[in-house]
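Visitor: next come a sequence and a model predicted from it.
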Amino acid sequence: MKTRRQFLKGVSAASLVTLLPGLSFASTQSPNILVWVTLRGAMDGLNVVVPSFDDDYLKLRPNIGLTKQQLKVLGNGFGLHPALENLHSWYQNDQVIFVHACATGYRSRSHFDGQKILENGTDDPFTTEGWLNRFLASQHNNQAIAIDSGLPLIVQGEVKVSSWFPHKLKAEEEQAQLLSELFQTDERLSANFEEAMKLESMVLGSSQNKQFVNLMKQAGTFMTAPQGPNIAIVELGGWDTHSAQGTVKGRLASQLTKFDKGLAALKEALGDKWSSTVVIAASEFGRTAAENGTKGTDHGTGNVMIVAGGALKRSQVIADWPGLAQNQLYEGRDLKPTKDIRAITKGILRDHLGADNDSLNKTFPASESFQPIKILT
């Protein structure tokens with residue numbers, strides 16, 4: 001028969017998190033809020049922020065292209081997919097920036113490696129430390145949490161970061177007391193358990209729904225709690241639209257509706273803190289400029305990056321547009337990147353969270369050639 005000590009030694013950190021997620025907030029000095037949303041699966045940015053001025057767009061997409069009449073009007077001749085109703089309303093109120101034709105340094109179109117590079121902030125998919133963890137290591141007094149079933153790569157590294165995800169387990173008072181007594185002989189597990197209970201208390205009575213809209217709501221709940229985090233990481237998968245992508249309706253429109261409603265839930269949950277919030281949403285890469293034979297799109301390169309929040313001063317579409325003519329496409333098939341995601345992110349970390357150049361260069365190693373892009377003012 002195992003002793004309690006033997007049982008505790010056999011309990012892995014992952015098992016403890018499954019039982020009750022741990023709480024360990026990391027830190028930087030800014031009171032401002034940052035929410036990063038990973039759009040896993042390669043969102044089709046060309047049908048999200050549409051270059052309706054480019055005559056080649058509808059030629060490349062005769063079945064899935066959106067016409068000017070179907071789009072919500074943006075600046076510089078671009079149009080927004082109609083499913084993004086909240087984002088368009090925010091755009092009209094100076095709270096959204098779209099950065100088009102951007103990408104990481106990755107060019108090989110593998111979801112697995114592309115997502116790693118998006119999250120680790122390098123050109124090497126084998127780097128096992130996330131760029132946000134490196135950023136946190138260079139700061140003081142900021143707190144971060146990942147709303148995820150595990151700890152995503154973007155926050156893995158030296159600094160300990162919390163993760164939380166909806167679960168069906170209930171810790172009644174008597175059960176919690178028994179667990180507390182069980183864990184008290186192990187200092188590390190006891191501390192993790194106490195922190196986990198604190199985290200659970202922040203969402204006491206909240207929905208355990210795992211849909212994106214609820215995850216964003218819970219992110220806002222954590223960030224408005226006393227001594228809560230000011231940085232959150234959330235993700236939304238399902239963007240791999242190889243077939244039946246659709247136009248105003250269909251697979252992409254359904255994804256955009258989820259995303260749009262999730263953003264609205266976050267804003268509502270944040271309340272007054274929305275005015276000091278920036279949300280960044282990015283995918284590992286874009287999709288082909290031309291539709292394929294199954295009325296979808298395949299893995300591409302350039303994409304659109306979405307920046308939203310009450311901390312923005314004006315709305316705009318930022319794009320050094322490369323064009324969609326055959327000789328303008330990257331490798332004759334993809335939207336050519338003209339901006340690097342690292343430069344955009346560095347600009348936001350500097351202007352929104354007060355990061356200096358030394359911190360930015362540690363966050364994104366070997367990125368000195370990508371100067372921070374100023375987009376918040």
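Guide: Right, received. Where do you want to start? Residues are numbered from 1 along each chain as shown.
Visitor: average pLDDT for stretch 76-92?
Guide: Averaged across stretch 76-92, the pLDDT comes to 97.
Visitor: could you check how far that stretch is from the centre of its chain?
Guide: The chain centre lies 19 Å from the centre of stretch 76-92; the measure is Cα atoms, centre = their mean, to the nearest Å.
Visitor: now do the buried residues in it.
Guide: Residues of stretch 76-92 classed as buried: 78-88, 90-91 (neighbour count, 16 or more other Cβ atoms under 10 Å). Just so you know, the C-beta spots here come from the backbone N, C-alpha and C atoms, and that holds for glycine as well.
Visitor: just the helices in the stretch 201-350 of the chain please.
Guide: According to DSSP state H, counting those that start in this stretch, the stretch 201-350 of the chain carries its helices in the segments 212-224, 251-270, 341-353.
Visitor: could you dump those to a markdown table with mean pLDDT and distance to C102?
Guide: As requested, those are arranged in a markdown table below (pLDDT from 0 to 100; distance: least, Cβ to Cβ, whole Å):
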| stretch | mean pLDDT | distance to C102 |
| --- | --- | --- |
| helix 212-224 | 92 | 23 |
| helix 251-270 | 97 | 18 |
| helix 341-353 | 97 | 6 |
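Visitor: in CSV: those, plus distance to V49 and mean neighbour count.
Guide: Converted to CSV, those look like this (distance: least, Cβ to Cβ, whole Å; neighbours: other Cβ atoms under 10 Å):
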stretch, distance to V49, mean neighbour count
helix 212-224, 20, 22
helix 251-270, 11, 21
helix 341-353, 14, 23
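Visitor: ok so, going back, and the buried residues of stretch 76-92, which two are furthest apart?
Guide: F78 and N86 (17.7 Å; Cβ to Cβ).
Visitor: re the thing from before, right, and the helices of the stretch 201-350 of the chain - which one's nearest A42?
Guide: Nearest of these to A42, taken as Cβ to Cβ: helix 251-270 at 11.3 Å.
Visitor: relative to helix 212-224, how tilted is that closest one?
Guide: Here helix 251-270 runs at an angle of 30 degrees relative to helix 212-224 (axes from the mean of the first three to the mean of the last three Cα atoms, to 10 degrees).
Visitor: residues contacting the nearest residue to Q95 once chain neighbours are set aside?
Guide: Residue nearest to Q95 in three dimensions, not counting chain neighbours: L312, with 5.2 Å by Cβ to Cβ, 6 or more residues apart in numbering. Contacts of L312 were listed using Cβ atoms under 8 Å, 6 or more residues apart in numbering, and they are 94-97, 278, 376.
Visitor: tell me where this protein has strands.
Guide: 33-39, 49-50, 72-73, 79-80, 96-103, 144-147, 162-164, 231-236, 277-283, 303-308, 316-318, 339-340 (DSSP state E).
Visitor: which elements pack onto the fourth one?
Guide: With contacts defined as 3 or more Cβ pairs under 8 Å, 6 or more residues apart in numbering; DSSP states H and E, strand 79-80 has these neighbours: strand 49-50, strand 72-73, helix 85-92.
Visitor: what's the closest of those to V213?
Guide: helix 85-92 (11.3 Å).
Visitor: roughly how far apart are the nearest residue to G114 once chain neighbours are set aside and W131?
Guide: Using Cβ to Cβ, 6+ apart and skipping the chain neighbours, the partner closest in space to G114 is E284 (3.4 Å). To W131, E284 is 14 Å away according to Cβ to Cβ, to the nearest Å.
Visitor: ok so, going back, nearest to N292, of the buried residues of stretch 76-92?
Guide: When the buried residues of stretch 76-92 are compared against N292 (criterion: Cβ to Cβ), the nearest one is H81, at 19.3 Å.
Visitor: residue contacts, that closest one?
Guide: H81 makes contact with 47-50, 66, 71-72, 248, 252-253, 256 under the criterion Cβ under 8 Å, 6+ apart.
Visitor: could you dump the residues you listed into a markdown table and include distance to I318?
Guide: Output for the contacts of H81, formatted as a markdown table (distance: Cβ to Cβ, whole Å):
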| residue | distance to I318 |
| --- | --- |
| N47 | 19 |
| V48 | 15 |
| V49 | 10 |
| V50 | 15 |
| L66 | 21 |
| L71 | 18 |
| K72 | 18 |
| V248 | 25 |
| L252 | 22 |
| A253 | 24 |
| L256 | 20 |
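Visitor: for PyMOL, what selects the buried ones among those?
Guide: Here is the PyMOL command that selects the buried residues among the contacts of H81 (16+ other Cβ under 10 Å):
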select buried, resi 47+48+49+50+66+71+72+252+253+256
